[in-house]
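1. Mind folding the following:
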Amino acid sequence: MPDDARPPTRRLMLLRHGKSAWPGGVADHRRPLAGRGRKAAPAIGAFMALQELIPDLALVSTARRAQETWELVAEAFPHKVDARDAVAIYDVAAKAMIDVIRKVEPAVEKLMLVGHNPGMAELALLLAGGGDEAALARLHEKFPTAGLAVIDFTVEQWSEIAPGTGRLVQFVTPRILDDGT
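-> Okay, the predicted model is just below:
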């Protein structure tokens, strides 16, 4: 393939849900966002809108805290984004999430997953074979609540992604946004 005929880039955005509350007697799947999560999610959404990090499709864990995070993030976008409930990304390992991503239709160029740790951190580290060195170092330290990893792939369709083939473009956390760094 000539250099000028490279396959299109696919962009994967991994968003960990905002900080959740721990109310007594509430099952894990039904835990809501805490105040800190309700503050962080719109800030991440505003950042995404400003940086034009708007997905074509969002796959959102069915857990209440992930759903609430998505709703608050999506309010910042200039247009409605197609979102689908994704029970298959709740409380699973990174390799299971790769299987979900590989099934996404080729028309989707920018995909977002809204999910949970430790799977989100594992997935970001598994897929990012290079990229922004400072962002990679922060990612290796911690993937905090409402953290956003942006990973690009030079593939024609999602079914082609594989461990180590992505390039970490950005890793943003609420603390970074608060610090302005």
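
2. Same question for the helix of greatest length in the chain: list its buried residues.
-> Secondary structure assigned by DSSP state H gives helix 35-50 as the longest helix of the chain. For helix 35-50, burial by neighbour count (16 or more other CB atoms under 10 Å) applies to 37, 38, 39, 40, 41, 42, 43, 44, 45, 47, 48, 49. The C-beta positions use only the backbone N, C-alpha and C, and glycine is treated the same way.

3. Serialize these to JSON lines and add fields for pLDDT and distance to residue 86.
-> Listed next are those as JSON lines, based on pLDDT from 0 to 100; distance: CB to CB, whole Å:
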{"residue": "37", "pLDDT": "96", "distance to residue 86": "19"}
{"residue": "38", "pLDDT": "96", "distance to residue 86": "22"}
{"residue": "39", "pLDDT": "96", "distance to residue 86": "25"}
{"residue": "40", "pLDDT": "96", "distance to residue 86": "21"}
{"residue": "41", "pLDDT": "97", "distance to residue 86": "18"}
{"residue": "42", "pLDDT": "97", "distance to residue 86": "22"}
{"residue": "43", "pLDDT": "96", "distance to residue 86": "24"}
{"residue": "44", "pLDDT": "97", "distance to residue 86": "19"}
{"residue": "45", "pLDDT": "97", "distance to residue 86": "19"}
{"residue": "47", "pLDDT": "97", "distance to residue 86": "23"}
{"residue": "48", "pLDDT": "97", "distance to residue 86": "19"}
{"residue": "49", "pLDDT": "97", "distance to residue 86": "22"}
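
4. Sketch out the low-pLDDT regions of the protein for me.
-> 1-8, 179-181 (pLDDT under 70).

5. ranges for the strands of it?
-> Using DSSP state E, the strands of the chain run over 9-16, 57-60, 82-85, 110-115, 128-131, 148-154, 166-172.

6. tell me which strands and helices the longest helix of the chain is in contact with?
-> Counting contacts by 3 or more CB pairs under 8 Å, 6 or more residues apart in numbering; DSSP states H and E, helix 35-50 is packed against helix 64-74, strand 148-154, helix 174-179.

7. Tabulate these in TSV, adding columns for distance to residue 133 and mean neighbour count.
-> TSV is the format used below for those (distance: least, CB to CB, whole Å; neighbours: other CB atoms under 10 Å):
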stretch	distance to residue 133	mean neighbour count
helix 64-74	27	23
strand 148-154	14	23
helix 174-179	16	15
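
8. Of all the ones you listed, which one comes closest to residue 108?
-> strand 148-154 (12.4 Å; CB to CB).

9. Run me through the strand neighbours of the closest one, direction for each.
-> When pairing is defined by DSSP bridges, strand 148-154 lines up against strand 9-16 (antiparallel), strand 166-172 (antiparallel).

10. Distance from the chain centre to that strand, please.
-> 9 Å (CA atoms, centre = their mean, to the nearest Å).
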